[in-house]
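S.K.: I'll drop the sequence and a predicted model, then ask my questions.
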Amino acid sequence: MTSDEQLHCAALTAAMALAPGVYARNRMFDFHARAYVQMARARAAMLRSIARHVASASEISVEPMQPGAARAFRLRYVLMNARCIRSVHLSEVELATLRLLSDRAGSSAMACGDSDRACVAQALSALIASGPLDSPAVGAHMATFRDAVRDLARGVQDKPGDNDTTA
């Protein structure tokens with residue numbers, strides 16, 4: 001996988017995790033045939049399942065991996081009712097996306113900070129600017145998907161309660 005594809009994979013993972021219906025496989029079959037898109041789809045599904053798990057998990061820990069060019073983390077948590085210990089390696093964008101998913105679900109298990117929101121918004125903005133949304137595989141749906149990702153990037157910046165008009 002090229003470095004551009006790795007960046008697109010991270011951004012697509014965030015987009016697919018936060019809005020699973022945006023990249024429908026039946027409308028964009030050629031797009032989904034790409035290896036990095038398949039990886040992003042699988043990673044997004046994994047993030048959504050982890051977000052559900054951490055709500056009831058105990059002993060949640062996030063540790064940085066070896067120092068390197070890309071920041072990577074190891075998430076570890078325990079599911080007592082399933083007698084399960086899960087350990088997952090995540091990129092910086094994936095960890096920020098997971099924290100955002102957890103926050104949106106109302107779980108306090110993983111705190112979502114402004115830096116997490118900025119990280120996800122930056123990845124989504126990069127996807128809009130130079131991502132695979134310009135490819136012929138997206139075809140006629142390009143404008144729709146670009147608008148959806150742009151709205152998603154704007155929504156990521158909003159904290160829960162920011163748009164609350166009830167007091």
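M.R.: Happy to help now that I have it.

S.K.: pLDDT-wise, which helix or strand of the chain ranks last?
M.R.: The helix or strand of the chain with the poorest confidence is helix 142-157; it has a mean of 67 (mean pLDDT, DSSP states H and E).

S.K.: which residues of this structure fall in strands?
M.R.: Taking DSSP state E to define them, one finds strands in the chain at 58-64, 72-79, 84-91.

S.K.: Which one of these lies nearest to Ser108?
M.R.: Ranking the strands of the chain by proximity to Ser108 (CB to CB) places strand 58-64 first, at 10.9 Å. For the C-beta atoms, the positions are set from N, CA and C on the backbone; glycine is no exception.

S.K.: What pairs with that closest one, parallel or antiparallel?
M.R.: Next to strand 58-64 in the sheet, as set by DSSP bridges, lie strand 72-79 (antiparallel).

S.K.: For the strands of the chain, please prepare JSON lines with the additional fields distance to Gln6, mean pLDDT and mean neighbour count.
M.R.: What follows is the strands of the chain, written out as JSON lines (distance: least, CB to CB, whole Å; pLDDT from 0 to 100; neighbours: other CB atoms under 10 Å):
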{"stretch": "strand 58-64", "distance to Gln6": "19", "mean pLDDT": "90", "mean neighbour count": "11"}
{"stretch": "strand 72-79", "distance to Gln6": "12", "mean pLDDT": "92", "mean neighbour count": "16"}
{"stretch": "strand 84-91", "distance to Gln6": "9", "mean pLDDT": "92", "mean neighbour count": "15"}
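
S.K.: Pipe those strands into JSON lines and attach distance to Cys119 per row.
M.R.: As requested, the strands of the chain are exported to JSON lines (distance: least, CB to CB, whole Å):
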{"stretch": "strand 58-64", "distance to Cys119": "14"}
{"stretch": "strand 72-79", "distance to Cys119": "12"}
{"stretch": "strand 84-91", "distance to Cys119": "10"}
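
S.K.: who wins for proximity to Ala35 among those?
M.R.: It's strand 84-91; of the strands of the chain, that one is closest to Ala35 (CB to CB) at 16.7 Å.

S.K.: Fine by me, we can end here.
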